[in-house]
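Trainee: The sequence isn't on hand, but the structure is:
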């Protein structure tokens, strides 16, 4: 009786274990297959006197629009950023120039007090309100619109074939600074 029960129990557990193993193998196999076969590659990497930038070969879809990201890293002393009120990141290709402005919350408040800032400016002028002062990282990951023409020519093609020009401007209470990065 004990042997019969043991055989039935073994048969009962073999089928679900086999199913779990097959499903696990499929999930592991599929998870390593990226949608973009070139994901992880860089479309562009460059550096200026105070900034480095990298543009990964990745496109995301948000609200029906395609975007790509650029990661900017400040190479200077992180303490220098504690005095910065805003940073403007301009990225230009032969398809046009896009600008993203990062305002420290204190800078936005200062502008609002003198009537120099309206909430609708954020969408219209590409303004992101994000901590610059006392920031825990010196990286700024920003999104830009991914342009595609009917011919299939896109922003990444433009960067690879014709280059990119990046201008970064920032100011503290006393000085204005600029750094330029471009492809050769």
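Mentor: Great, that's in hand. Predicted model, so just to flag it, every value in this text is computed and none were measured.
Trainee: Show me the domain layout of this structure.
Mentor: Domain assignment of the chain by automatic domain parsing yields the ranges 1-33, 42-182.
Trainee: most tightly surrounded among these?
Mentor: Compared across those, domain 42-182 shows the largest average neighbour count, a mean of 15 (mean count of other C-beta atoms under 10 Å). Where you see a C-beta, it was placed from the backbone N, CA and C, and this is true even at glycine.
Trainee: tell me the mean pLDDT over it?
Mentor: Averaged across domain 42-182, the pLDDT comes to 89.
Trainee: Check the offset of it from the chain's centre.
Mentor: Relative to its parent chain, domain 42-182 has a centroid offset of 10 Å by C-alpha atoms, centre = their mean, to the nearest Å.
Trainee: The residue nearest to the spatial centre of the chain bridge partners, please.
Mentor: The geometric centre of the chain, computed from its C-alpha atoms, lies nearest to residue 69 (C-alpha atoms, centre = their mean), at 3.5 Å. In this structure, residue 69 has beta-bridge partners residue 143, where bridges are defined by DSSP bridges.
Trainee: my guess is it contacts residue 57, does it?
Mentor: No: Residue 69 lies out of contact with residue 57 (C-beta atoms under 8 Å); the separation is 10.5 Å.
Trainee: the helices in the chain, which residues?
Mentor: Counting by DSSP state H, the chain has helices at residues 2-31, 78-81, 105-113, 121-124, 155-162.
Trainee: Tell me the span between the first and last residue of stretch 129-140.
Mentor: From the first residue to the last, stretch 129-140 extends over 12 Å; the measure is C-alpha to C-alpha, to the nearest Å.
Trainee: Which residues does that stretch contact?
Mentor: Contacting residues not belonging to stretch 129-140 are listed as 71-75, 78, 81-87, 89, 102-106, 108, 122 [C-beta atoms under 8 Å, 6 or more residues apart in numbering].
Trainee: Leaving out sequence neighbours, find the closest residue to residue 86.
Mentor: residue 103 (4.8 Å; C-beta to C-beta, 6 or more residues apart in numbering).
Trainee: Can you verify my assumption that the one you found contacts residue 109?
Mentor: No: with contact taken as C-beta under 8 Å, residue 103 and residue 109 are classed as non-touching, separated by 9.5 Å.
Trainee: Touching stretch 50-62 from outside, list them.
Mentor: 36, 38-47, 66-76, 143, 146, 156, 159, 164, 166, 168, 177, 179, 181.
Trainee: measure stretch 146-160 end to end?
Mentor: The first and final residues of stretch 146-160 sit 14 Å from each other (C-alpha to C-alpha).
Trainee: And stretch 153-167, by the same measure?
Mentor: 24 Å.
Trainee: now stretch 49-60
Mentor: Between the opening and closing residues of stretch 49-60 lies a distance of 30 Å (C-alpha to C-alpha).
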